[in-house]
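Undergrad: Build me a structure from this.
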Amino acid sequence: MAILKPFKAWRPIPDFLGEITCVPYDVIDTDEARELASGKPNSFLHVIRPEIDLPADTDIHADVVYQKGAENLRSLFGSEFFEQDDEDSLYVYRLTWNGRSQTGIFGCVSVKDYDHEVILKHELTRPDKEDDRTRHILTQQAHAEPVMMIFDDLAGITKIMDEIVQTDPVFDFKAPDSVQHTLWKIENTESLVLAFTDIPKLYIADGHHRCASASRAAHDMEIQNPAHSGKEEYNFFPAVLFPIDEMEILAYNRIIYSLPDGFIKKLAEQFELIEDATPLPTEKGSLSLYFKGSWFGVSLPESSKNNAAAQLDVSRLQEYILEPYLNITNQRTDQNINFVGGIRGTTQLEHLVDSGKAELAISMYPTDIKELVAVSDAGLLMPPKSTWFEPKLRSGLLIHSF
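TA: Predicted coordinates:
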């Protein structure tokens, strides 16, 4: 059963939402964060990307960076721009974008559930990124950003949310990226907490490093606390929990910087290359390759391995093209491959090749949400960058302190 915990959220005063809230830390780099936060002293980017307030040559893992993030968060909490709930609460959070919406529960989940695989992952995490987020959590004594999770609604939670969204929201605003963010506060949380005890598993959609870091931070706090009971706030971290049928995954595309001589000719000897193909693949198992100004369609065989992870298109790409033709054995570490979120469209892929920054672009068919669940249930892992969830959760809306 899954643990859902209400919490006393810190949140911006509604009049300052546009000034404070921002994109998540992991969709932008330092330079982009510095540009987005320019002229916005209260932007939450100063908390999740505090290196932007320090000299440009500062190591982003220097002690002063973490200290600055904690200082900036304390400053916001002590300002006229933020308030904290008097009582533990939950929220309904709806994102609306491009004519569709997804609605979930914003609350806290349990580190214990993560450690004991009630919360399931589908990606490996990098130790350096875990180290970074763990230090931010411990220094700030807060979880600044939520994780996106999904669940199979076996307990009628959608019906409960449908009733709540008939009331007046506490937040309702459109961000600069045209995503509408709407939150409703739930005063009576007992029915939802009880309903989640009937949910056997939660699945991480976006935020594997935040989950791992929350677990590590909680264990560090436990060591420092002789009176540890397991009920302390550091044992829980914020997440937005969406029913599976609310979610949509976009493709996560690839670019290859350098190709061996005769790559396309050799590929054509093994596969039927369809010339003038559509940039967007139309079915599972199909790819579109952009090379020297032209799109080629390719159909991949099913994997020789009989498991859910191996049958993913990103895995079949690895098995049949990346490794045998490009000698890319590890997409996570190989410097000849990079990744482009589907939100950027195929025109970005064309630009990268036409400008000479890459020699090949690979347009993928999106991973299905049910494939993510199947891989997670089997205890398997996806190749890196297998899923791109859009729209993203907004940072700075609700913060969990401990």
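Undergrad: Mind jotting down where the helices sit in the stretch 301-402 of the chain?
TA: Assigned by DSSP state H, counting those that start in this stretch, the stretch 301-402 of the chain shows helices spanning 313-317, 323-326, 345-354, 369-377.
Undergrad: Need the winner for burial among these.
TA: With neighbours defined by mean count of other Cβ atoms under 10 Å, none of the helices of the stretch 301-402 of the chain is more surrounded on average than helix 313-317, at a mean of 22. In this view, the C-beta of every residue, glycine as well, is placed from N, C-alpha and C.
Undergrad: Can you name the residues in contact with it?
TA: 252, 254, 284-285, 287, 300-303, 309-310, 362, 364-365, 367, 382-383, 385-386 (Cβ atoms under 8 Å, 6 or more residues apart in numbering).
Undergrad: Buried only: go through those for me.
TA: Listed as buried from those are 252, 254, 287, 300, 303, 309-310, 362, 364-365, 367, 382-383, 385-386; burial here means 16 or more other Cβ atoms under 10 Å.
Undergrad: for this structure, longest strand please?
TA: strand 100-110 (DSSP state E).
Undergrad: quick one: that one to chain centroid distance?
TA: Put simply, strand 100-110 sits 13 Å off its chain's centre (Cα atoms, centre = their mean, to the nearest Å).
Undergrad: before we move on, what about stretch 365-378?
TA: For stretch 365-378, the distance to the chain centre is 15 Å (Cα atoms, centre = their mean).
Undergrad: What of stretch 119-133?
TA: Offset of stretch 119-133 from its chain centre (Cα atoms, centre = their mean): 12 Å.
Undergrad: Show me this structure divided up by domain.
TA: 10-248+391-401, 252-365 (automatic domain parsing).
Undergrad: With Met1 as the reference, name the closest of the ones you listed.
TA: domain 10-248+391-401 (4.3 Å; Cβ to Cβ).
Undergrad: So for that closest one, mean pLDDT?
TA: Averaging pLDDT along domain 10-248+391-401 yields 96.
Undergrad: And it, end to end?
TA: Using Cα to Cα, to the nearest Å, the end-to-end distance of domain 10-248+391-401 comes out at 8 Å.
Undergrad: and if you look at stretch 30-44?
TA: 14 Å.
Undergrad: Compare the domains of the chain and give me the one nearest Asp377.
TA: Proximity to Asp377 (Cβ to Cβ) singles out domain 10-248+391-401 among those, at 7.1 Å.
Undergrad: now that closest one: how far from the chain's centre is it?
TA: Centroid separation between domain 10-248+391-401 and its chain, computed with Cα atoms, centre = their mean, is 11 Å.
Undergrad: which helices and strands sit right next to the host helix or strand of Asp128?
TA: Secondary structure from DSSP states H and E places Asp128 in helix 127-140. Using 3 or more Cβ pairs under 8 Å, 6 or more residues apart in numbering; DSSP states H and E, the elements in contact with helix 127-140 are helix 63-77, helix 208-224.
Undergrad: Contacts made by that helix with the rest, please.
TA: Helix 127-140 has contacts (Cβ under 8 Å, 6+ apart) with 47-48, 60-61, 66-67, 69-70, 73, 143-144, 209-210, 212-214, 216-217, 220-221.
Undergrad: Next: stretch 369-389.
TA: In contact with stretch 369-389 (Cβ under 8 Å, 6+ apart) are residues 117, 120-124, 148, 150, 152, 201, 203-206, 244, 247-252, 254, 307-309, 311-312, 314-315, 318, 331-332, 339, 341-343, 366-367.
Undergrad: quick revisit: any idea which of the helices and strands packed on helix 127-140 gets closest to Leu194?
TA: With respect to Leu194, and counting by Cβ to Cβ, the nearest of these is helix 208-224 at 23.8 Å.
Undergrad: List the buried residues for the closest one?
TA: 208-218, 221-222.
Undergrad: same deal with stretch 173-180?
TA: 173, 175, 179.
Undergrad: can you redo the residues you listed as JSON lines with secondary structure and distance to Pro12?
TA: Formatted as JSON lines, the buried residues of stretch 173-180 follow (DSSP: H, G, I helix; E, B strand; the rest coil; distance: Cβ to Cβ, whole Å):
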{"residue": "Phe173", "secondary structure": "strand", "distance to Pro12": "10"}
{"residue": "Ala175", "secondary structure": "coil", "distance to Pro12": "13"}
{"residue": "Val179", "secondary structure": "coil", "distance to Pro12": "17"}
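Undergrad: From the contact counts, what lies against the host helix or strand of Val240?
TA: Using DSSP H and E, Val240 falls within strand 236-243. In terms of contacts (3+ Cβ pairs under 8 Å, 6+ apart), strand 236-243 is packed against strand 100-110, strand 147-151, strand 202-206, helix 208-224, strand 400-401.
Undergrad: Given the last one, what are its sheet partners and their directions?
TA: Within its sheet, and counting by DSSP bridges, strand 400-401 is paired with strand 142-143 (antiparallel).
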